[in-house]
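Asker: predicted model and sequence below, questions to follow.
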Amino acid sequence: MKHFTRQDILQMEKIFRLNLINSCTGYKSANLLATKSKDGIENVAIFSSVIHLGSNPPLLGFILRPTTVPRNTFDNLKATQQFTVNHVGSDIMADAHHTSAKYEGTVSEFSKTNLRPHYRDSSYAPYVAAAKVQLGCRYANDYFIKENDCLLIIGQIEHLYLEPNLLEADGFISLEKAKTVTVNGLDGYALPTLLERFEYARPKP
Ligand SMILES: Cc1cc2nc3c(=O)[nH]c(=O)nc-3n(C[C@H](O)[C@H](O)[C@H](O)COP(=O)(O)O)c2cc1C
């Protein structure tokens, strides 16, 4: 096995370290977070840190990089309390990746890609029209992570939209049918195959 110590990691060339450490915790979710500023400028950006926090109440979280530079998604969701989380499918992954480009707050990524906003349920924040799974969220809280100056943002899930054929009888969403991609590292996108669903695990006698 190849071996890196913490010391090796700290001394690495920056891009190599970015790729290595972003890959080493496994596959990550791929979502577009969409918001709208108080001035009415729509924003959409890709995030690979969205995680399930709990189902009752339904909560999700994501990690925001340090706010030492302007963070449009964060500024908008703090100001309006609303954001949407939209799955990245293989059909939109190139445009989704492009939303990570640093545009000024006055420029909407919707105008620089083929992604289109979609409004429903009187939401102030737009949904991403092409996403097959879409969540409408209300900002609930944020926690400062002192180890690296990041923030954990908590959102409560208010609305869940999905294409009907993706929903199975027991509530399971087939991400394979949705062709929702997963992120490998910082810039790799993969399409997983469902191998098996197992029974609820109980201790062996
Ligand atoms: C695959 C990928 C995943 C990303 N995940 C995150 C993330 O989890 N948190 C974050 O703060 N930025 C993440 N970024 C960077 C944002 O997409 C980027 O900073 C974007 O410009 C933010 O837009 P905003 O300023 O409009 O909010 C990611 C970028 C890529 C390419």
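Answerer: Good, I have the coordinates. Residues are numbered from 1 along each chain as shown.
Asker: which residues in this structure form helices?
Answerer: Read by DSSP state H, the chain holds these helices, from start to end of the chain: 6-11, 14-23, 72-80, 93-98, 175-178.
Asker: so for the ligand, which of these sits nearest?
Answerer: helix 72-80 (3.2 Å; Cβ to the nearest ligand atom). In this view, the C-beta of every residue, glycine as well, is placed from N, C-alpha and C.
Asker: mind listing what's buried along the closest one?
Answerer: Taking 16 or more other Cβ atoms under 10 Å as the neighbour-count basis, helix 72-80 is seen to contain the buried residues Asn72, Thr73, Phe74, Asp75, Asn76, Leu77, Thr80.
Asker: which pLDDT value goes with the fourth one?
Answerer: At Asp75 the predicted local distance difference test score is 97.
Asker: my read: it touches Lys36, true?
Answerer: No - under the criterion of Cβ atoms under 8 Å, Asp75 lies out of contact with Lys36, with a separation of 11.2 Å.
Asker: would JSON lines of the helices of the chain with distance to the ligand be doable?
Answerer: Putting the helices of the chain into JSON lines (distance: least, Cβ to the nearest ligand atom, whole Å) gives the following:
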{"stretch": "helix 6-11", "distance to the ligand": "20"}
{"stretch": "helix 14-23", "distance to the ligand": "8"}
{"stretch": "helix 72-80", "distance to the ligand": "3"}
{"stretch": "helix 93-98", "distance to the ligand": "6"}
{"stretch": "helix 175-178", "distance to the ligand": "17"}
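Asker: distance to Pro164 for the ones you listed - can I get that in a markdown table?
Answerer: Putting the helices of the chain into a markdown table (distance: least, Cβ to Cβ, whole Å) gives the following:
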| stretch | distance to Pro164 |
| --- | --- |
| helix 6-11 | 46 |
| helix 14-23 | 35 |
| helix 72-80 | 29 |
| helix 93-98 | 23 |
| helix 175-178 | 11 |
